[in-house]
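> sequence-free structure coming up:
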């Protein structure tokens with residue numbers, strides 16, 4: 001392929017119209033590795049703002065990177081304060097009852113729900129990059145923690161150990177989240193696809209709703225298992241224990257909460273009606289119980305909540321066997337789920353307001369707040385959708401709304417906790433049920449069915465894995481099927497037969513464009529993926545089958561015999577040694593059949609490796625072209641010029657232009 005090489009062209013060929021495929025200059029291995037690592041870990045090039053900056057400016061930018069409050073804080077205005085104040089008070093009215101409810105769902109003391117809405121939001125306000133994320137406990141994380149930790153320690157028989165394991169699991173969840181952010185490994189979270197999250201969240205929401213039947217029906221004994229069969233068996237085996245007073249109260253409050261949510265959706269300017277409904281339910285329920293003494297008739301109440309701010313819990317963390325293993329496993333699983341939910345929610349609202357959030361910053365912020373939370377009597381927190389939606393609709397301008405919410409929760413902890421003494425547990429269950437029903441996104445499942453059946457299968461598997469198995473089984477199924485799909489894409493890439501679109505020089509998939517014409521004597525194939533060890537054997541067999549099918553078709557039609565096989569490698573971004581070996585074997589196969597292999601537009605990495613392996617010398621540089629059009633033109637001209645069935649007989653007639 002030297003610049004001084006000249007070749008003999010068939011008559012009618014325009015030398016200037018045929019272009020050369022250049023071999024990229026060699027690149028040192030370390031440079032190539034550095035580029036690959038940069039694209040993997042730093043696709044957003046976070047260090048670009050530090051370039052050509054003085055030392056002091058770099059220090060300030062570094063602080064702002066880890067503490068975004070230093071960036072937006074100096075620009076804060078009175079108008080922002082007004083908006084954030086309204087939003088913060090609004091989400092506090094939702095955070096207080098939700099926090100208590102979710103703590104009960106996690107089999108933890110209700111006061112922990114308030115503790116977890118005080119310290120973590122303050123840390124996120126300083127470190128988070130989202131303006132709309134409202135931090136707090138979440139139902140799915142609470143359910144996961146209760147389900148996984150209860151296998152090691154009973155929340156009723158050994159509540160102290162269970163509580164300490166919850167703090168330890170939160171610590172390890174934060175450690176994982178922080179590590180993923182610092183080492184920029186957030187792409188791991190991407191293995192939880194949208195379809196998997198829809199199914200998993202829907203299944204978890206269904207399980208959470210079913211478990212609330214204990215409080216709604218006033219049952220004292222209830223299964224600790226989360227699957228639907230165990231829950232239904234526990235419910236219907238105790239029909240004689242059902243309390244109608246509790247059931248009526250629960251159904252009334254569920255109806256009230258759902259009606260307010262429906263009203264707020266229909267009238268967005270009245271978003272505060274739905275946001276205030278949970279706190280209103282707590283107040284009404286407490287007054288009703290206090291006036292009627294319903295606690296003496298089977299309606300359980302919260303009881304005394306300890307006054308005061310978060311006590312330290314660093315000495316409560318459990319780092320001894322066998323409990324540490326359970327805490328690590330629980331922390332890692334709940335941490336990944338919390339991270340996926342928080343980042344997904346943050347990105348959703350950032351898209352509405354047309355600003356960008358840094359996923360790695362979010363991981364660092366969420367991880368840090370969970371580490372500090374575990375040391376201050378908090379359990380797992382992230383950015384729940386319901387609370388963030390209220391924050392968004394309330395018109396928040398910055399993360400300062402979390403500070404306002406935190407101050408409101410602090411005042412509640414200092415002065416108002418005795419008011420929750422008569423709050424009925426059935427009201428908390430009603431709050432959980434109404435929140436969880438919003439997570440069962442059946443419309444998203446229907447959309448998946450219409451668009452992509454495989455994605456629907458992932459969603460379906462995750463949902464039924466959670467509902468009929470356990471939360472962990474559903475999660476494993478969702479991830480396993482998602483990874484399986486990736487492996488199938490890699491191991492079984494698509495190959496296409498290309499044809500010429502009439503009256504054009506364009507070549508496209510004949511299945512997509514049935515009117516595309518086949519070129520006599522030429523089979524044009526396209527490989528639609530990189531060639532790796534996982535798919536090399538499949539591609540060799542599939543391409544060979546394409547050739548056999550084409551020869552049978554030509555033989556049946558009595559047309560011109562097949563002479564050239566053109567492989568369009570435009571979509572082949574990379575190739576490994578197994579892929580090169582496959583091409584070498586395939587070259588021998590087409591040689592035995594008396595055919596000529598022609599390559600089109602291999603990428604720079606592919607070209608470098610084919611050149612280093614001497615494959616280009618073996619096939620002949622003259623049989624590598626820039627476009628399918630050029631390759632077909634040359635092959636057709638040779639067939640017309642030589643009128644030979646076997647183009648391999650005269651190697652001197654090839655093109656050395658590419």
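Received, thanks. Computed from a predicted model, the values in this text were never measured in an experiment.
> Residues touching stretch 271-284, excluding its own?
Counting by CB atoms under 8 Å, 6 or more residues apart in numbering, stretch 271-284 makes contact with 90-91, 93-94, 96-98, 253, 256-257, 260-261, 263-265, 390, 393-394, 420, 423, 427-428, 430-431, 434, all of which sit outside it. Bear in mind the C-beta positions are built from the backbone N, C-alpha and C, glycine included.
> Mind giving me the PyMOL select for those residues, buried ones only?
Here is the PyMOL selection string for the buried members of the contacts of stretch 271-284, based on 16 or more other CB atoms under 10 Å:
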select buried, resi 90+91+93+94+96+97+98+253+256+257+260+261+264+390+393+394+420+423+427+428+430+431+434
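> May I ask which helix or strand of this structure has the lowest mean pLDDT?
helix 29-41 (a mean of 72; mean pLDDT, DSSP states H and E).
> where along the stretch 501-650 of the chain do the strands fall?
Ranges of strands within the stretch 501-650 of the chain are 507-509, 522-527, 564-568, 596-600, 624-625, based on DSSP state E, counting those that start in this stretch.
> Check the stretch 351-500 of the chain too.
Counting by DSSP E, counting those that start in this stretch, the strands of the stretch 351-500 of the chain are 495-500.
> Go through the strands of the stretch 501-650 of the chain and name the closest to residue 69.
strand 522-527 (50.4 Å; CB to CB).
> who does that closest one pair up with?
Strands that pair with strand 522-527, judged by DSSP bridges, come out as strand 495-500 (antiparallel), strand 564-568 (parallel).
> Would you convert those strands into CSV that also reports mean neighbour count, mean pLDDT and distance to residue 597?
As requested, the strands paired with strand 522-527 are exported to CSV (neighbours: other CB atoms under 10 Å; pLDDT from 0 to 100; distance: least, CB to CB, whole Å):
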stretch, mean neighbour count, mean pLDDT, distance to residue 597
strand 495-500, 20, 91, 15
strand 564-568, 24, 94, 5
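> Could you dump the ones you listed into a markdown table with distance to residue 584 added?
A markdown table is the format used below for those (distance: least, CB to CB, whole Å):
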| stretch | distance to residue 584 |
| --- | --- |
| strand 495-500 | 18 |
| strand 564-568 | 13 |
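> among those strands, which is nearest residue 152?
Taking those one by one with CB to CB, strand 495-500 is closest: 51.3 Å.
> Any stretches of the protein with poor pLDDT?
1-18, 20, 39-45, 47, 190-191, 224, 298, 559, 641-658 (pLDDT under 70).
> which residues in the stretch 551-658 of the chain form helices?
Assigned by DSSP state H, counting those that start in this stretch, the stretch 551-658 of the chain shows helices spanning 577-592, 604-612, 615-619, 628-642.
> Quick one: closest of the ones you listed to residue 82.
Set against residue 82 and scored by CB to CB, those come closest in helix 604-612, at 55.5 Å.
> elements contacting the closest one?
helix 577-592 (3 or more CB pairs under 8 Å, 6 or more residues apart in numbering; DSSP states H and E).
> Apply 10 Å and report the result again.
Secondary-structure packing of helix 604-612 (3 or more CB pairs under 10 Å, 6 or more residues apart in numbering; DSSP states H and E): helix 577-592, strand 596-600, helix 615-619.
> Select, out of the strands paired with strand 522-527, the one closest to residue 312.
Checking the strands paired with strand 522-527 against residue 312 by CB to CB gives strand 495-500 as the closest, at 62.7 Å.
> one step back: packing partners of the least confident helix or strand of the chain?
Under the contact criterion of 3+ CB pairs under 10 Å, 6+ apart, helix 29-41 touches no helix or strand at all.
> Run through who's touching it.
Under the contact criterion CB atoms under 10 Å, 6 or more residues apart in numbering, helix 29-41 has outside partners 26-28, 45, 47, 183-187, 360, 605, 608.
> cool, stretch 470-477 as well?
By CB under 10 Å, 6+ apart, the residues outside stretch 470-477 that reach it are 140, 143-148, 192, 196, 199-204, 207-208, 225-227, 230, 329-330, 333-334, 336-337, 458, 460-469.
> Generate a PyMOL selection restricted to the buried subset of the residues you listed.
Of the contacts of stretch 470-477, the buried ones can be selected in PyMOL as follows, counting by 16+ other CB under 10 Å:
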select buried, resi 140+143+144+145+146+147+148+192+196+199+200+201+202+203+204+207+208+225+226+227+329+330+333+334+336+337+458+460+461+462+463+464+465+466+467+469
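> that older thread, I'd like the helices of the stretch 551-658 of the chain laid out as CSV, including distance to residue 367 and mean neighbour count.
Output for the helices of the stretch 551-658 of the chain, formatted as CSV (distance: least, CB to CB, whole Å; neighbours: other CB atoms under 10 Å):
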stretch, distance to residue 367, mean neighbour count
helix 577-592, 39, 17
helix 604-612, 36, 18
helix 615-619, 48, 16
helix 628-642, 50, 20
